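Asker: Provided below for reference: sequence and predicted model.
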Amino acid sequence: MSTYRFAARAGVLLATAGTVVLLGSGIASAHVTAKVIGETAAQGGYTKITFRVPNEDNTAGTVKLEVHFPQDTPIPSLRTKPMAGWTAVVTKAKLAKPVSANGTQVTEAVSTVTWTAAAGTRIAPNEFAEFEVSGGALPDADQLVMPAIQTYDNGKVVNWDAPPPAAGAEEPEHPAPVIQLTKGGSGDDHGSMAPANTANTTDTHTEAAETKSSDTTARWLGAAGLVVGALGLGFGVGATLRARRAVAKAGQ
């Protein structure tokens, strides 16, 4: 077998193995998760939480999602983002012990948020959906663990309620959605908009800088083109004169 054929076959085998690994990791990580996208989840502040729900059944569709919020590190208020074909219900419960949030005593907090699909609506096999809530104030805790219950239209129920594993331990089969909280929230209901505005400003400055750089590059390229064109014209004129001299000399 030639060295070329051996290398080609080895490359195919490595590519196949890599594909299997990627597919395997995708399947293992397909569970209900919570994400904070584009802003900071700070203690005492307000933020948006996105619950990403993949459908893991090949024959049934997801028709209900119920998320439970901790009462020992409570969130006083949440709002849901409208989703076509789904209804959302936010349920609050009295706290066993009132807590203080931004200087205000809180006696009740969000206990569950439930999304239910209307007739004919579901998360079909090989699909996913994202459910969003916004609110606060976020508790004085390092993380927020929010167990979820996923219900399918064939009656199957999956509980995503396993607590986060210890450092170095394997991820549980059905981990609960969790987000990490940072120190120091603003306590302002509109505070979560600040990072987005800052990002937009940064993007604008970056775009302006890139545009300026592109203009400068274009000018340099244009100047270089003119120089090359002038040189080409000079070479062409010189060649023409030499050809005419040669013809004239041959005719003498």
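Answerer: The structure has been received and is ready for your questions. Residues are numbered from 1 along each chain as shown.

Asker: the longest strand along the chain: what's the following helix or strand?
Answerer: Criterion DSSP state E: the longest strand present in the chain is strand 86-101. Of the helices and strands lying after strand 86-101 in sequence (DSSP states H and E), the nearest is strand 104-117.

Asker: helices or strands next to that next one in the packing?
Answerer: strand 62-68, strand 77-80, strand 86-101, strand 128-136 (3 or more CB pairs under 8 Å, 6 or more residues apart in numbering; DSSP states H and E). Where you see a C-beta, it was placed from the backbone N, CA and C, and this is true even at glycine.

Asker: single out the most deeply packed of those.
Answerer: Burial of the helices and strands packed on strand 104-117 is given as mean neighbour count (mean count of other CB atoms under 10 Å); strand 62-68 ranks first at a mean of 21.

Asker: what sits up against it?
Answerer: 32, 51, 53, 55, 111-117, 121-123, 129, 131, 146-153, 177 (CB atoms under 8 Å, 6 or more residues apart in numbering).

Asker: for PyMOL, write a command that selects the buried ones of those.
Answerer: Filtering those down to the buried ones (16 or more other CB atoms under 10 Å) takes a single PyMOL command:
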select buried, resi 32+51+53+55+111+112+113+114+115+117+121+122+123+129+131+146+147+148+149+150+151+152+153+177
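
Asker: still on that earlier bit, pLDDT of the longest strand of the chain, averaged?
Answerer: When pLDDT is averaged over strand 86-101, the result is 92.

Asker: dump that strand to PDB, restricted to CA.
Answerer: Output in PDB follows, covering the C-alpha atoms of strand 86-101 (Å, rounded to 0.1, in the frame of the first residue of the first chain):
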ATOM      1  CA  TRP A  86     -48.200  28.500  24.400                       C
ATOM      2  CA  THR A  87     -49.700  29.900  27.600                       C
ATOM      3  CA  ALA A  88     -47.600  30.800  30.600                       C
ATOM      4  CA  VAL A  89     -48.700  30.900  34.200                       C
ATOM      5  CA  VAL A  90     -46.500  32.400  37.000                       C
ATOM      6  CA  THR A  91     -47.300  31.100  40.500                       C
ATOM      7  CA  LYS A  92     -46.200  32.700  43.700                       C
ATOM      8  CA  ALA A  93     -46.000  31.300  47.200                       C
ATOM      9  CA  LYS A  94     -45.700  32.700  50.700                       C
ATOM     10  CA  LEU A  95     -42.200  32.500  52.100                       C
ATOM     11  CA  ALA A  96     -41.700  30.700  55.400                       C
ATOM     12  CA  LYS A  97     -39.300  33.500  56.300                       C
ATOM     13  CA  PRO A  98     -39.500  37.000  54.700                       C
ATOM     14  CA  VAL A  99     -36.300  38.200  53.000                       C
ATOM     15  CA  SER A 100     -35.000  41.600  52.100                       C
ATOM     16  CA  ALA A 101     -34.500  42.500  48.400                       C
END
